[in-house]
Structures are given as structure tokens and as C-alpha cells.
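S.K.: missing the sequence, but the structure's below:
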């Protein structure tokens with residue numbers, strides 16, 4: 001197994017560790033969980049960087065990397081729903097966007113077309129990761145609202161862009 005795939009697996013393994021720390025009730029559990037989240041998020045950037053630079057793109061990586069990202073983000077968002085920091089309807093929209101874009105990619109794949117990550121998807125991912133990190137900090141309600149709004153708007157923007165840019169694929173689906 002190559003290094004990028006090992007980093008993806010590490011990210012997947014860190015998800016239950018991240019959640020477990022949050023449920024310990026330790027005095028600094030939020031800070032420890034934030035550090036785990038940052039480390040896991042960094043493996044996403046690092047495995048992609050190494051895979052592209054060294055030409056180590058694999059079928060496992062194509063499947064597991066985006067799945068690991070979605071699992072990590074969902075874990076953090078569900079924690080924030082449970083703690084009252086994020087409304088469930090925002091998480092639902094994020095999850096629906098992920099399912100919809102994944103479905104679009106499946107339709108495209110069946111037609112022999114690969115849909116690469118668009119710029120708005122990259123912005124959405126970066127903004128979401130940053131906002132989730134901020135939400136682990138002791139911030140006021142205005143910052144919480146702003147982070148939730150940034151996550152919501154970048155999610156909607158990138159989802160709409162994927163479908164508008166690839167509408168021809170769906171015309172004959």
C-alpha cells in the first residue's frame with residue numbers, strides 16, 4: 001500500500017479516536033479533538049499532494065479519500081448538532097449535496113466521463129474545515145452563526161455549480 005493510501009486509512013482510523021475523545025468529558029477534550037481533527041484534515045491535503053506529485057493515484061485512493069473526508073466532516077458536524085452549535089438542517093443540506101454530487105459522478109462515470117473537483121468544491125472543503133476548527137474554539141454566537149453560514153453557502157454554491165457545469169450529462173440520463 002502506498003503512502004497516500006496509508007494516510008487515507010490513518011484519517012479513517014482517527015475519526016473514531018476524534019469522536020471518542022469528545023465523549024470522554026475530559027477537561028481539555030475539545031482541544032485534543034481539535035488537534036486530532038487538524039491532523040486528520042492535514043492528511044487529506046498531504047495524501048493528495050503526494051499522490052499527484054508522485055503519480056500514485058489508485059482506485060483505492062479515488063474511492064477511500066473522498067469517503068474519508070465526508071466521514072470526518074460528518075463526524076464533526078454531528079458533534080456540533082449534538083452540542084447545539086450547528087442546526088441539523090445545515091448538516092442535512094451538506095449530506096444531501098455530497099450524495100447528489102456523488103450520484104452525478106456515478107452518472108458521469110457510467111458515460112465514461114470523469115468529473116474533477118471544481119474550484120468551488122475546493123473552496124467549500126477548505127472553508128468547511130476552517131469553520132469546523134473555529135467552532136471548536138470558545139467563540140461567540142456571531143462567529144458561530146458566521147461559520148454555519150459560510151459552510152451552508154459554500155456547500156450550496158459548489159453543489160449548484162457541479163450541476164450547472166454538468167447539466168448535459170443529466171439531459172440524457
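M.R.: Structure received. This one's a predicted model, so the numbers in the text were calculated from it and none came from an experiment.
S.K.: got a list of contacts for the worst-scoring helix or strand of the chain on mean pLDDT?
M.R.: Ranking every helix and strand in the chain by mean pLDDT, DSSP states H and E puts helix 167-171 at the bottom, with a mean of 87. For helix 167-171, the external contacting residues (Cβ atoms under 8 Å, 6 or more residues apart in numbering) are 104, 107, 108, 111, 113, 163. All C-beta atoms are positioned from the backbone trio N, CA, C, and that covers glycine.
S.K.: Now that we have the residues you listed, which of them are buried?
M.R.: 104, 108 (16 or more other Cβ atoms under 10 Å).
S.K.: How about residue 14: what's its closest non-neighbour residue?
M.R.: residue 40 (4.3 Å; Cβ to Cβ, 6 or more residues apart in numbering).
S.K.: how about the helix or strand encompassing residue 142: buried residues?
M.R.: Counting by DSSP states H and E, the element that carries residue 142 is helix 141-165. Residues of helix 141-165 classed as buried: 144, 147-148, 150-152, 154-155, 157-159, 161-162 (neighbour count, 16+ other Cβ under 10 Å).
S.K.: again, but for stretch 2-14
M.R.: 2, 4, 5, 7, 8, 9, 11, 12, 14.
S.K.: what about the chain, any weak spots by pLDDT?
M.R.: 173 (pLDDT under 70).
S.K.: now the helices: where do they sit in it?
M.R.: With DSSP state H as the criterion, the chain has helices at 3-24, 29-54, 59-82, 88-110, 119-135, 141-165, 167-171.
S.K.: Residue 24: how many residues sit nearby?
M.R.: 11 (other Cβ atoms under 10 Å).
S.K.: and what of the one 3 residues further on?
M.R.: Residue neighbour count, defined by other Cβ under 10 Å, stands at 8 for residue 27.
S.K.: quick one, phi/psi of it?
M.R.: Main-chain torsions, residue 27, degrees, to the nearest 10: phi -60, psi -40.
S.K.: For residue 35, see how far away it is.
M.R.: 15 Å (Cβ to Cβ, to the nearest Å).
S.K.: Name the nearest of the buried residues of stretch 2-14 relative to residue 63.
M.R.: residue 8 (9.4 Å; Cβ to Cβ).
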